[in-house]
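Colleague: fold the following for me, if possible:
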Amino acid sequence: MIVVRAASVRAGKLALFDVTAAFDIGITAVVGGRDDGTGLLLSLVSGSARPSRGVVTSGDLNVTAPGARRACGFVPLSPDWPEALRVDAAIAMASELRGAPCDPRAALRALGAEGLAAALVSSLSRAQLRAVALAEALLSPAVRVVVIEEPFCEMEAFAQAALPALIRAAAKDRVVVVSTASVREARELASSFVSIAAGRVVAAGPIHALAAPGSGESAQIAAFADDPRALAAALATETDLVSLELQGAAVVVRARDAATAAGAVGRAVVRSGVAIFELCEGARVPSPPSPEAAAPPSSQARSR
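Modeller: Modelled structure (predicted):
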């Protein structure tokens with residue numbers, strides 16, 4: 001299991017704030033756009049980025065520890081492979097670094113990419129390089145965590161047909177994390193999801209909480225805020241919401257799916273600057289927390 005605890009990180013204009021999430025055996029979809037920080041969360045999970053605050057662990061190891069890094073196959077949109085090597089030699093080198101043998105041609109064959117074995121890495125298109133990186137990550141016996149950014153973007157047609165089955169096969173006994181901006185894609189591939197909006201986790205749960213586009217289903221989120229009226233005013237500019245209602249300390253939004261509702265709340269929080277102290281998903285709006293629990297930390301400190 002990969003556990004992210006209160007992690008924050010910044011890379012250029014992108015940032016994540018106090019992210020907490022868990023990724024277990026199976027397929028978890030990180031749903032959102034790149035500008036929301038989905039790729040940055042994948043970098044944290046894979047150990048490619050270090051949080052400025054908080055921790056990310058794989059079992060008993062920090063994900064940046066050598067043992068955890070060797071067991072993780074990370075495939076970003078732009079993989080970084082040794083350009084001077086042939087593809088088969090690059091996969092063999094990766095196997096040596098991981099400490100477990102992997103037949104390069106067998107791995108490539110699984111994705112229909114065996115014709116690339118003798119090519120120089122420097123000669124590959126980005127889509128071809130992504131196929132090679134996926135073959136190594138999914139077929140290496142040493143890899144226990146597979147992290148894939150937008151698996152069906154920048155991908156050769158010959159690999160796209162085989163990819164879903166390979167990802168599902170890997171997820172039978174491994175942690176697989178994929179990012180996607182498509183709710184439909186997430187529902188078709190994953191068993192659970194984490195929704196990111198404006199650098200924050202705004203929803204998570206089993207994949208059935210994401211309604212299929214066009215299905216007529218909807219999802220509801222209640223956001224308890226220190227200034228619910230300001231939050232409601234910010235949410236009023238969101239065009240994808242089905243309904244918006246102010247209920248005491250809670251702002252209740254309904255949208256076609258949980259990711260859309262959560263994304264709207266996340267963007268409204270950033271615009272309005274209000275503090276959210278509880279998010280609840282479902283048809284029933286729970287009773288508000290006690291005033292002491294509901295107060296933001298600064299207010300609690302003043303009361304003491």
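
Colleague: what ranges do the strands span in the stretch 201-304 of the chain?
Modeller: Assigned by DSSP state E, counting those that start in this stretch, the strands in the stretch 201-304 of the chain fall at 219-225, 241-247, 250-255, 276-281.

Colleague: cool, and the stretch 1-150 of the chain?
Modeller: Along the stretch 1-150 of the chain, the segments classed as strands by DSSP E, counting those that start in this stretch run 2-11, 14-23, 26-31, 53-58, 61-62, 72-75, 145-149.

Colleague: can you list the strands that the fifth one pairs with?
Modeller: Which is strand 61-62. strand 53-58 (antiparallel) (DSSP bridges).

Colleague: circling back to that earlier point, nearest to Arg70, out of the strands of the stretch 201-304 of the chain?
Modeller: The closest of the strands of the stretch 201-304 of the chain to Arg70 is strand 276-281. By Cβ to Cβ, the value is 36.3 Å. C-beta coordinates here come from the backbone N, C-alpha and C atoms, glycine included.

Colleague: sorry, back to before: export the strands of the stretch 1-150 of the chain as TSV, with columns for mean neighbour count.
Modeller: Below are the strands of the stretch 1-150 of the chain laid out as TSV (neighbours: other Cβ atoms under 10 Å):
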stretch	mean neighbour count
strand 2-11	18
strand 14-23	18
strand 26-31	26
strand 53-58	18
strand 61-62	15
strand 72-75	24
strand 145-149	26
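
Colleague: that older thread, make a markdown table from the strands of the stretch 201-304 of the chain and add distance to Pro101 and mean neighbour count to it.
Modeller: What follows is the strands of the stretch 201-304 of the chain, written out as a markdown table (distance: least, Cβ to Cβ, whole Å; neighbours: other Cβ atoms under 10 Å):
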| stretch | distance to Pro101 | mean neighbour count |
| --- | --- | --- |
| strand 219-225 | 46 | 23 |
| strand 241-247 | 53 | 14 |
| strand 250-255 | 48 | 22 |
| strand 276-281 | 45 | 17 |
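
Colleague: dump these to JSON lines, plus mean pLDDT and distance to Val3.
Modeller: Shown next, in JSON lines, are the strands of the stretch 201-304 of the chain (pLDDT from 0 to 100; distance: least, Cβ to Cβ, whole Å):
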{"stretch": "strand 219-225", "mean pLDDT": "84", "distance to Val3": "24"}
{"stretch": "strand 241-247", "mean pLDDT": "80", "distance to Val3": "32"}
{"stretch": "strand 250-255", "mean pLDDT": "85", "distance to Val3": "29"}
{"stretch": "strand 276-281", "mean pLDDT": "78", "distance to Val3": "20"}
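
Colleague: kindly reformat those strands as CSV containing distance to Ala159.
Modeller: Putting the strands of the stretch 201-304 of the chain into CSV (distance: least, Cβ to Cβ, whole Å) gives the following:
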stretch, distance to Ala159
strand 219-225, 33
strand 241-247, 37
strand 250-255, 33
strand 276-281, 35
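
Colleague: of all the ones you listed, which one comes closest to Ala100?
Modeller: With Cβ to Cβ, the closest approach to Ala100 among the strands of the stretch 201-304 of the chain belongs to strand 276-281: 40.6 Å.

Colleague: where does this protein dip in pLDDT?
Modeller: Within the chain, the stretches with pLDDT under 70 are 211-218, 282-304.

Colleague: ok, 80 please
Modeller: 158, 209-219, 239-240, 242-244, 246, 256-259, 277-304 (pLDDT under 80).

Colleague: can you give me the buried ones in stretch 175-187?
Modeller: Val175, Val176, Val177, Val178, Ser179, Thr180, Ala181, Ser182, Val183, Glu185, Ala186, Arg187 (16 or more other Cβ atoms under 10 Å).

Colleague: ok now it, how far from the chain's centre?
Modeller: 8 Å (Cα atoms, centre = their mean, to the nearest Å).

Colleague: how long is it from one end to the other?
Modeller: End-to-end distance of stretch 175-187 (Cα to Cα, to the nearest Å): 17 Å.

Colleague: what is the burial count for Glu154?
Modeller: Counted by other Cβ atoms under 10 Å, the residues lying close to Glu154 total 17.

Colleague: separation between Arg267 and Leu210?
Modeller: To Leu210, Arg267 is 18 Å away according to Cβ to Cβ, to the nearest Å.

Colleague: ok, those two, which is more surrounded?
Modeller: The residue with more neighbours, out of Arg267 and Leu210, is Leu210; 26 against 18, by other Cβ under 10 Å.

Colleague: go ahead and confirm that one touches Ala261.
Modeller: No - under the criterion of Cβ atoms under 8 Å, Leu210 makes no contact with Ala261, lying 10.4 Å away.

Colleague: which residues do those two both contact?
Modeller: Common neighbours of Leu210 and Ala261, using Cβ atoms under 8 Å, 6 or more residues apart in numbering, are Ala219.
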